[in-house]
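Q: here is my input; please provide its structure:
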Amino acid sequence: MEILNPWAFALLPIALLPFWLKGHQGKMYTWLEMLPEDLLSDRLNLAVKVITALLLVTIVIALASPRGHDEKIQRTGKGAQTVMVIDRSVSMDHPFAGDSSGNAAEIKSDAARRIITQFIDSRPVDMMGVVGFTNSALYGIKITTNRDAIHAAILAATSPSLNQTNIGAGLTEAVGLFDKIQSSGSRAIILLSDGAGKLSPRVKFLLSERLKSRGLSIYWIMLREPGEPSIFSKEEYEETRVPNSIVLHKYFQSLGLKYKAYEADNPETLQSAISDIDAREKKAIKYNETIAGYDYSRLFIIIAFVLGLFIVAIKNLRVYA
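A: Numbering: from 1, shown residues only. From the prediction side, this is the model:
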């Protein structure tokens with residue numbers, strides 16, 4: 001058993017107050033011998049003091065917050081350890097280019113939030129982490145099975161921020177999350193962005209070393225802006241004029257890791273890309289789930305409530321002659 005607030009035990013001496021304080025309820029008599037002995041009242045008075053003392057003790061113990069030890073349970077399922085790396089630049093708040101029906105297209109960040117949420121909910125045994133990025137990495141949540149925490153992090157990561165796209169910082173932060181958890185089964189990074197900033201030679205080297213040493217799979221979903229060249233383009237560019245997105249695509253290909261790129265210019269193609277990743281990353285994984293220890297303070301609060309009812313019942317007991 002663990003005690004979260006051991007300082008509360010310093011209040012235990014207050015349990016002696018009922019025996020120290022004396023009540024002055026009733027009438028005053030100059031000669032007590034004229035009154036008959038009332039054993040029932042004396043016993044009830046002692047009972048009130050004992051119950052009051054126990055009530056104070058239970059309140060003190062509840063304040064101390066005793067808890068059972070956390071329990072770790074190993075679970076097995078099909079899924080992956082995945083980190084979502086999400087672009088939070090202002091351009092993510094722009095709509096897609098449009099759809100074939102001529103209707104206004106959905107905002108890219110809204111579509112990403114909706115589709116990623118569906119992806120998360122469809123994979124209940126996955127362990128997921130979230131990282132956002134603009135001019136720097138924005139930590140979302142560590143790799144965990146806590147769906148409420150993951151959803152909250154996705155909501156934050158799909159909110160608008162600055163007009164910059166520092167993919168290197170986001171990827172570096174994402175790789176670091178895998179160091180804090182035991183490897184089990186499939187491990188992947190899913191990068192979702194509508195652009196690609198430049199990676200310095202130093203960042204490229206450090207990132208490649210870390211990605212290779214951990215054997216991570218990489219999935220990049222490129223949300224194309226209208227008029228932006230395809231990352232799969234075969235067009236020849238001058239060395240200094242190659243689009244950043246194509247440079248990043250070739251960099252990922254050069255790592256020798258499991259890598260798959262997608263292009264999405266509407267919610268449907270984004271959904272298709274996520275569905276393909278879902279089909280690819282379903283391997284047997286083992287992970288430890290921590291079950292919080294039982295909170296005994298609730299039990300002591302209930303006991304204190306019951307003791308309080310006893311005191312009220314006894315104090316309202318009257319014998320009429």
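Q: use CA for all of it now, contacts and neighbours both
A: OK.
Q: for the chain, give me the ranges with low pLDDT.
A: 22-38, 75-79, 96-105, 160-165, 183-185, 196, 226-227, 284-289, 317-321 (pLDDT under 70).
Q: please enumerate the strands of it.
A: 2-3, 66-67, 71-79, 81-87, 127-133, 137-144, 187-193, 217-223, 259-264, 283-291 (DSSP state E).
Q: now render the ones you listed as TSV, adding distance to residue 44 and mean neighbour count.
A: As requested, the strands of the chain are exported to TSV (distance: least, Cα to Cα, whole Å; neighbours: other Cα atoms under 10 Å):
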stretch	distance to residue 44	mean neighbour count
strand 2-3	34	14
strand 66-67	32	19
strand 71-79	45	14
strand 81-87	63	28
strand 127-133	59	27
strand 137-144	55	21
strand 187-193	68	23
strand 217-223	74	21
strand 259-264	79	18
strand 283-291	44	15
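Q: the longest helix in this protein is where?
A: Criterion DSSP state H: the longest helix present in the chain is helix 39-64.
Q: now it, how far from the chain's geometric center?
A: Its chain's average C-alpha position is 42 Å from that of helix 39-64, according to Cα atoms, centre = their mean, to the nearest Å.
Q: so which elements touch that helix?
A: The contact analysis (3 or more Cα pairs under 8 Å, 6 or more residues apart in numbering; DSSP states H and E) places helix 39-64 against helix 17-20, helix 297-315.
Q: quickly compare these and say which is most buried.
A: helix 297-315 (a mean of 16; mean count of other Cα atoms under 10 Å).
Q: and for it, what's in contact with it?
A: For helix 297-315, the external contacting residues (Cα atoms under 8 Å, 6 or more residues apart in numbering) are 44, 48, 51-52, 54-56, 58-59, 61-67.
Q: out of those residues, which end up buried?
A: 48, 51-52, 54-56, 58-59, 61-67 (16 or more other Cα atoms under 10 Å).
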